[in-house]
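Engineer: Could you look at this predicted model? Sequence included:
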Amino acid sequence: MAIEKTRRRRALGANAVGIALVAPLALFLLAAFFIPLAGMLFLSVDDRELAAVMPRTVAVLADWDGADLPQAAVFEAAGRDLVDARTAKVAGTAARRLGYESGEWRTIVQSTARALPRDSAAVSDWKSALTTADAAWGKPDIWHALARAKGPLTGLYLKSALGLQGGPDSAIYVNVLARTFGIALSATAICIVLALPAAYLLASVGQVTANFLMLALLLPLWTSVLVRSTSWLVILQKNGIFNQVLMGLGIIDAPLELVYNRVGVLIALTHILLPYAVLPLYASMKALPRSQMQAARSLGAGPLNSFFRIYLPQILPGISAGGLLVFILALGYYVTPLLLGGQGDQMLPFYIAYNTLQALNWGLAAALASILLFATVVLYSFYVRLVGVQRVGI
């Protein structure tokens, strides 16, 4: 009995030590990853801006059937809310929220807030005051927009990101998402093609030479992405080193267009992401004994047959790991396409940053980021099912 109690105490002590060791990492992941991720997902459907600025209007619109113009009490609530919002200098918040659906509503709310009397008690007929400030208040459309924006949750941002709102530019973000995946897949394919011979060379040479080559491979990682992207801009521009060398050798007569287009973006992304493809491949190749290829050749297999039947299946986990790393990292690049690409080469992170910093449409920015995350997870899951979890490598 005493022995059993001692064993239990030791087991509890060991578990406590393990929990204590893991707890800091778990707390860090919770604070730095899961909580911000949950906040982003919630922000993509959060719609409490209008309710915070026009609480009376939101409350009375809950009983409006939407068939005709609302009752006089709704006009009064909207008028008093706009006067209070102008006094508190937050009328722009309500205008911005309605502007997400149409720029016309933004202008109407702002102009009406400026036109209404400063003293709410001096107004006896709020319907007349609002329609005098702007005739749009006498039509149901703006009231429907207010009703849709009453919150607390909305699908507006996700619909806008998915192109479901209608209009000539409704599919802009869907096209950008397809472009983002196209650029990421192109960069991944180029990196894998270049990484195969590079990793094979590293795995084949002596240790001293391999260390020197590995240093040369990893050296660019010690330089910021901004510096490397700017360097490629200098090298690839019309008067850059690359064009000057080609023209000096007589290979070309006129400078090549290598910047502000897809070519420049892919060159820079390949240079930045290539080490992430080489390292997993190098680890897979280094673990393979050379005797396998020698045995295959001794049994009559040619070089190509030996590679595809013996070598390639065993380095597939390295290819999968490197490809996934490059692809996922490429999806999030912002600076490189901004510096080296044209308007038609900007990826989804550019529009996320634009809506966050310039348009101040944080809901749409969160929706775009959420869709990018969801699409990435779906593609990763499909890839794992296609290739097999054992061959993914990570």
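Structural biologist: Happy to help now that I have it. Numbering: from 1, shown residues only.
Engineer: Ramachandran coordinates for Ala135?
Structural biologist: For Ala135, the backbone dihedrals are phi -70, psi -20 (criterion: degrees, to the nearest 10).
Engineer: Near it, how many residues? Count them for me, please.
Structural biologist: Using other C-beta atoms under 10 Å, Ala135 has 10 neighbouring residues. To be clear about C-beta, it is placed using only N, CA and C from the backbone, and glycine gets the same treatment.
Engineer: any idea how far it is from Arg8?
Structural biologist: 80 Å (C-beta to C-beta, to the nearest Å).
Engineer: same check, this time on Ala67
Structural biologist: Computed as C-beta to C-beta, the Ala67 to Arg8 distance reads 71 Å.
Engineer: So between these two, which is more surrounded?
Structural biologist: Shown here are Ala67 and Arg8; by other C-beta under 10 Å, Arg8 has more neighbours (10 against 7).
Engineer: From Asn15, how far off is that one?
Structural biologist: Taking C-beta to C-beta, one finds Arg8 at 10 Å from Asn15.
Engineer: Next: Arg297.
Structural biologist: Counting by C-beta to C-beta, the gap from Arg297 to Asn15 is 54 Å.
Engineer: These two - which one has more neighbours?
Structural biologist: Taking other C-beta under 10 Å, Arg297 and Asn15 do not tie; Arg297 has more neighbours (14 against 10).
Engineer: what's the distance between the residue lying closest to Val205 once chain neighbours are set aside and Thr270?
Structural biologist: What sits nearest to Val205 in space, not counting adjacent residues and going by C-beta to C-beta, 6 or more residues apart in numbering, is Leu213, at 7.1 Å. Here Leu213 is placed at a distance of 18 Å from Thr270 (C-beta to C-beta).
Engineer: Tell me which of these two has more neighbours.
Structural biologist: Thr270 (21 against 16).
Engineer: now the stretch 201-350 of the chain, which segments are flagged as low pLDDT?
Structural biologist: 291, 293-294, 296, 298-299, 302 (pLDDT under 70).
Engineer: show me where it has helices.
Structural biologist: Here the stretch 201-350 of the chain has its helices, by DSSP state H, counting those that start in this stretch, at 207-218, 225-236, 241-248, 262-286, 291-298, 303-306, 312-331, 335-340, 348-357.
Engineer: So which of those helices is nearest Asp46?
Structural biologist: helix 348-357 (14.5 Å; C-beta to C-beta).
Engineer: Next, the angle from the closest one to helix 312-331.
Structural biologist: If you take axes from the mean of the first three to the mean of the last three C-alpha atoms, to 10 degrees, helix 348-357 sits at 30 degrees to helix 312-331.
Engineer: The helix or strand just after helix 348-357 packs against which elements?
Structural biologist: Downstream of helix 348-357, the next assigned helix or strand under DSSP states H and E is helix 362-387. Applying 3 or more C-beta pairs under 8 Å, 6 or more residues apart in numbering; DSSP states H and E, we find helix 362-387 packed against helix 35-43, helix 156-162, helix 172-204, helix 312-331, helix 348-357.
Engineer: With mean neighbour count and distance to Lys286 added, can I get these in CSV?
Structural biologist: Below are those laid out as CSV (neighbours: other C-beta atoms under 10 Å; distance: least, C-beta to C-beta, whole Å):
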stretch, mean neighbour count, distance to Lys286
helix 35-43, 13, 35
helix 156-162, 21, 43
helix 172-204, 18, 5
helix 312-331, 21, 10
helix 348-357, 18, 34
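Engineer: Format the ones you listed as a markdown table; extra columns: distance to Ser284.
Structural biologist: As requested, the helices and strands packed on helix 362-387 are exported to a markdown table (distance: least, C-beta to C-beta, whole Å):
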| stretch | distance to Ser284 |
| --- | --- |
| helix 35-43 | 31 |
| helix 156-162 | 38 |
| helix 172-204 | 8 |
| helix 312-331 | 3 |
| helix 348-357 | 30 |
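Engineer: Mind checking these for the one nearest to Leu258?
Structural biologist: Across the helices and strands packed on helix 362-387, closest to Leu258 is helix 172-204 (C-beta to C-beta), at 15.0 Å.
Engineer: just checking, what packs against that closest one?
Structural biologist: Helix 172-204 sits against helix 156-162, helix 207-218, helix 262-286, helix 312-331, helix 348-357, helix 362-387, with contacts defined as 3+ C-beta pairs under 8 Å, 6+ apart.
Engineer: helix/strand/coil for the closest residue in space to Leu130 that isn't next to it in sequence?
Structural biologist: Distances taken as C-beta to C-beta, 6+ apart place Trp137 nearest to Leu130, at 3.9 Å, with adjacent residues excluded. Three-state call for Trp137 (DSSP: H, G, I helix; E, B strand; the rest coil): helix.
Engineer: mind checking pLDDT for Trp137?
Structural biologist: pLDDT, Trp137: 91.
Engineer: check contacts around it.
Structural biologist: Phe75, Ala78, Ile108, Thr112, Lys127, Leu130, Thr131 (C-beta atoms under 8 Å, 6 or more residues apart in numbering).
Engineer: Let's see that with 10 Å instead.
Structural biologist: The contact partners of Trp137, by C-beta atoms under 10 Å, 6 or more residues apart in numbering, come to 69, 75, 78-79, 108, 112, 126-131, 143.
Engineer: list the buried ones in stretch 22-39?
Structural biologist: Residues of stretch 22-39 classed as buried: none (neighbour count, 16 or more other C-beta atoms under 10 Å).
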